[in-house]
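Student: Sequence first, then the predicted structure:
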2 protein chains.
Amino acid sequence: MPTNKKKTQVTASPERRRELLATAAEVFAAHGYNATTVRKIADEAGLLAGSLYYHFDSKESMLDEILSTFLDELWEGYDAVLAAGLGPRETIEALVTESFREIDRHRAAVAIYQKESKHLVALPRFQYLADSQQKFEKAWLGTLERGVAAHAFRADLDIRLTYRFVRDTVWVAASWYRPGGGHSPEEIARQYLSMVLDGIAVRT
Amino acid sequence: MPTNKKKTQVTASPERRRELLATAAEVFAAHGYNATTVRKIADEAGLLAGSLYYHFDSKESMLDEILSTFLDELWEGYDAVLAAGLGPRETIEALVTESFREIDRHRAAVAIYQKESKHLVALPRFQYLADSQQKFEKAWLGTLERGVAAHAFRADLDIRLTYRFVRDTVWVAASWYRPGGGHSPEEIARQYLSMVLDGIAVRT
DNA sequence: ATCCTTCCCTAACAAGTGTTTGGTAGGTTA
DNA sequence: TAACCTACCAAACACTTGTTAGGGAAGGAT
């Protein structure tokens, strides 16, 4: 959650920044960060490569700003859920629903995060990714443990495995989810929760 | 399943090829295909960049060979399962178990497939990726539908959403799975199936 | 009219990219 | 010994990469 200070040596309007970051995020998500040239971003945005450096001081800083603003918003939602004092099952439900809402709002950023965070975590500049991941694990794993203790969740499952499955399946949805594509985030969350909580098999 | 013909203008020993492909796959999986330079692969393998071109005719052809051999082996296993004439639930169980076995055997290739297949599908050279995905969807979706018809699986879930969830959750495991890390593929499959089929909530 | 700020362009840079060409050490075969 | 093959190296190639420097057009403020 404590992300980076955004020092840009420029007077620029924040509106234009957001526009450019949005198209950059789109391209990053579509082709991957490394495969994305700064010229391709500029092309998509309708200006020349060098002109991007009026708004940002490097390609990496664009990525940085995309990811950090996404994580800031994500934790705003998560913290609200965690502070609500819900029971374990209700907390899981709220976290999942909130996650799908974030995917809806930051589809590109989530896709980038999914693909690149594994390498970026090593870089000092992206330290906040490691922090976020740790906080993330603590929240989810803690809730699952609380649920097992309260006999809301089964005790015979490996809790770390369960955590990984739940976590990954939520976020990979960003790779196929398209806003306005028939399913609302809440609808997807409902279906997903129904499957994870109750299973897909018919109860006998 | 019908993959590429492997024309390499060289008399080379297939043993050395497999060695080099294995290290290339490792590097691709760790840093991503585009971020991986051919010099880094050569470095890791203990030779110079140009020497790789004695064994392969391009960086892309290495990727091609890695993915196609993986998919060939995968479909060998899948086809055997699908031809066994099992019931829907047993088919799902067998497919999931087989998938985790493939992740165990081809961890690097699966990780690469996960990250890169989305872009590669567009390239004519990797047409077989699209074919495989279609066949994959047909097998899984068909089995799920069969299960719903036979009252083995719940009828109130969106079957396409369920398919995506199940599919993704299986394969993302490649991002954290490490062979010889406490959990065998069969153990992971068992836990995963228990969760997906019966849910994590306590039955009331 | 002058100045200043904002936003972009032109043109180039140094480094790194995948790939090719020609050569060569060392073992195998004739 | 001579010819040959395998597997590599050394050095360069053409191109792409992220980034920078200097300039200029448009418009508001003075």
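Tutor: Arrived safely, thanks for sending.

Student: which is the next helix or strand following the worst-scoring helix or strand of chain A on mean pLDDT?
Tutor: Across the helices and strands of chain A, mean pLDDT, DSSP states H and E gives its lowest value to helix A:159-172, namely a mean of 91. Heading C-terminal from helix A:159-172, the first helix or strand you meet, by DSSP states H and E, is helix A:185-198.

Student: and the helix or strand where residue A:102 lies, average pLDDT?
Tutor: Assigned by DSSP H and E, residue A:102 falls within helix A:88-105. The average pLDDT within helix A:88-105 is 97.

Student: by contact count, what packs against the next helix or strand after it?
Tutor: Remark: after helix A:88-105, the chain's next helix or strand is helix A:107-120, criterion DSSP H and E. If you count contacts as 3 or more Cβ pairs under 8 Å, 6 or more residues apart in numbering or on different chains; DSSP states H and E, helix A:107-120 packs onto helix A:14-31, helix A:59-82, helix A:127-149, helix A:159-172. (C-beta placed from N, C-alpha, C; glycine too.)

Student: In contact with the residue nearest to residue A:94 when sequence neighbours are not counted, which residues?
Tutor: In space, and not counting its chain neighbours, residue A:94 is closest to residue A:81: 4.4 Å by Cβ to Cβ, 6 or more residues apart in numbering or on different chains. Contact analysis of residue A:81 by Cβ atoms under 8 Å, 6 or more residues apart in numbering or on different chains lists A:91, A:94-95, A:98.

Student: In TSV: these, plus distance to DNA strand C and neighbour count.
Tutor: Shown next, in TSV, are the contacts of residue A:81 (distance: Cβ to the nearest atom of the strand, whole Å; neighbours: other Cβ atoms under 10 Å in any protein chain shown):
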residue	distance to DNA strand C	neighbour count
A:91	43	22
A:94	40	19
A:95	39	23
A:98	34	18
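
Student: now, which of these sits nearest DNA strand D?
Tutor: Distance to DNA strand D across the contacts of residue A:81 (Cβ to the nearest atom of the strand) is lowest for residue A:98, with 33.3 Å.

Student: any idea how far residue A:118 is from the closest one?
Tutor: 23 Å (Cβ to Cβ, to the nearest Å).

Student: what do you get for residue A:177?
Tutor: Counting by Cβ to Cβ, the gap from residue A:177 to residue A:118 is 21 Å.

Student: Quick check: phi and psi at residue A:153.
Tutor: phi -120, psi 150 (degrees, to the nearest 10).

Student: what's the burial count for it?
Tutor: Neighbours of residue A:153 under the rule other Cβ atoms under 10 Å in any protein chain shown: 23.

Student: Name all residues that make contact with the nearest residue to it once chain neighbours are set aside.
Tutor: Spatial nearest neighbour of residue A:153, chain neighbours left out: residue A:147 (3.8 Å); criterion: Cβ to Cβ, 6+ apart. Listed by Cβ under 8 Å, 6+ apart, the contact partners of residue A:147 are A:88-89, A:92, A:153.

Student: Columns distance to residue A:34 on top of those residues, output as TSV?
Tutor: Shown next, in TSV, are the contacts of residue A:147 (distance: Cβ to Cβ, whole Å):
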residue	distance to residue A:34
A:88	40
A:89	41
A:92	35
A:153	40
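
Student: Would you point out the most distant pair within those?
Tutor: Farthest pair in the contacts of residue A:147 (Cβ to Cβ) is A:92 and A:153. Separation: 8.4 Å.

Student: Thanks a lot, catch you later.
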